[in-house]
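Undergrad: give the three-dimensional model of this entry:
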Amino acid sequence: MSIYYNKQIPGELWLRDLKNNVTTASAVLSSIYFKYENINQTFYSDLTSNNINRFDVIYDTIFIETNTGFIFEKIYIDSGYIRPFNQLNLFNFRKNTTVDYWYSEPKNKIYYTEIAYVEDPNKQPTDMYISFTLVFNEFDCTTGLIKPLLLKPIKIGYTSIRNWDDNNFTIEDPKITLNGDTKTFNVSFILRNAAKELGLVSINILNKDVPEISQVSGFLPYLILDITNSSY
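TA: Okay, here's the model as predicted:
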């Protein structure tokens, strides 16, 4: 996407083909595009219309994101053409936030995260907590397969002497990092209240065979966190 007078304008995505010629993404990745013609027509339309928000290449894996969702695809070369490693549906519908990802070179895996949130139907007017769901997955760049690691509902309890309309809070796109020494992922995002005041929420995930959340914390200057009424 290009920016022109503060507006997003769909622009052509140009890539180099295997002969080092500069050409369109649809020409270079035609086999990838066609794979999704019958899997998800809205995403396919985004691709063929060049409504691509982000594009990345990690060795033999590509990442493409549109407003509809995104894919990680392992690719290979066949008779001079780029082709998908398998015909499995690797399409991910976009959640409330965009995706962020971290590539682990020793494991040859991509870890990616999103935040999904909906209003809790069981929440009472007197309940004081913020709820959302952490989505945390793994893409294996060796096998080309996706493995769900966490789909975890999280509640952050709070107390406050200030007005707070929790139905109007917004969550900004999360960022993921990995601490190699502690083998802990951190997922952080900005949380804004109705007055657009911002705070920071931080989630630590132990990088084990079965990942688990070890800590949820935050700096919310307009709220006082209530740990006893928080859950994850």
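Undergrad: give the next helix or strand downstream of the longest strand along the chain.
TA: Counting by DSSP state E, the longest strand found in the chain is strand 145-159. Counting by DSSP states H and E, the element after strand 145-159 in chain order, helix or strand, is strand 170-171.
Undergrad: show me what the very next helix or strand once past that next one is packed up against.
TA: Next along the chain after strand 170-171, taking DSSP H and E as the criterion, comes strand 175-179. Applying 3 or more C-beta pairs under 8 Å, 6 or more residues apart in numbering; DSSP states H and E, we find strand 175-179 packed against strand 100-104, strand 109-116, strand 184-192. C-beta here means a position set from N, CA and C on the backbone, and glycine is covered the same way.
Undergrad: and for the helix or strand following the last one, what's in contact with it?
TA: In this case it means strand 184-192. Per DSSP H and E, the first helix or strand lying C-terminal to strand 184-192 is strand 198-206. Contact with strand 198-206 is made by 134, 136, 150, 154, 156, 183-193, 211-223, 232, as judged by C-beta atoms under 8 Å, 6 or more residues apart in numbering.
Undergrad: need the residue closest to the centroid of this protein.
TA: V99 (1.6 Å; C-alpha atoms, centre = their mean).
Undergrad: re earlier: please save the CA atoms from the longest strand of the chain in CSV.
TA: What follows is strand 145-159 as a C-alpha-only set of coordinates in CSV (Å, rounded to 0.1, in the frame of the first residue of the first chain):
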residue,chain,number,x,y,z
LEU,A,145,2.3,-26.6,8.8
ILE,A,146,0.5,-24.5,11.4
LYS,A,147,0.3,-25.6,15.1
PRO,A,148,-2.1,-23.7,17.5
LEU,A,149,-0.2,-23.1,20.7
LEU,A,150,-2.6,-20.9,22.8
LEU,A,151,-6.1,-19.7,22.4
LYS,A,152,-6.4,-18.2,25.9
PRO,A,153,-9.1,-16.0,27.4
ILE,A,154,-7.6,-13.4,29.7
LYS,A,155,-9.3,-11.2,32.2
ILE,A,156,-7.6,-8.2,33.8
GLY,A,157,-9.3,-6.9,36.9
TYR,A,158,-9.1,-3.3,37.9
THR,A,159,-10.2,-0.7,40.4
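Undergrad: could you give the separation of it from the chain centroid?
TA: 13 Å (C-alpha atoms, centre = their mean, to the nearest Å).
Undergrad: and that strand, what's its mean pLDDT?
TA: Mean pLDDT, computed over strand 145-159, is 89.
Undergrad: check stretch 77-92 too.
TA: 94.
Undergrad: and what of stretch 209-218?
TA: 87.
Undergrad: that older thread, quick one, which of the contacts of strand 198-206 are buried?
TA: 134, 136, 150, 154, 156, 184-189, 191, 193, 211, 213, 216, 218, 220, 222-223 (16 or more other C-beta atoms under 10 Å).
Undergrad: mind listing the residues bridging to I146?
TA: F139 (DSSP bridges).
Undergrad: ok, now the one 10 residues further on?
TA: Beta-bridge partners of I156, counted by DSSP bridges, are I130.
Undergrad: sketch out the low-pLDDT regions of the chain for me.
TA: Residue ranges of the chain with pLDDT under 70: 1-11, 161-168, 222-223, 226-229.
Undergrad: the longest helix out of those in it packs against which elements?
TA: Counting residues, the longest helix found in the chain (DSSP state H) is helix 41-48. Packing partners of helix 41-48 (3+ C-beta pairs under 8 Å, 6+ apart): helix 30-35.
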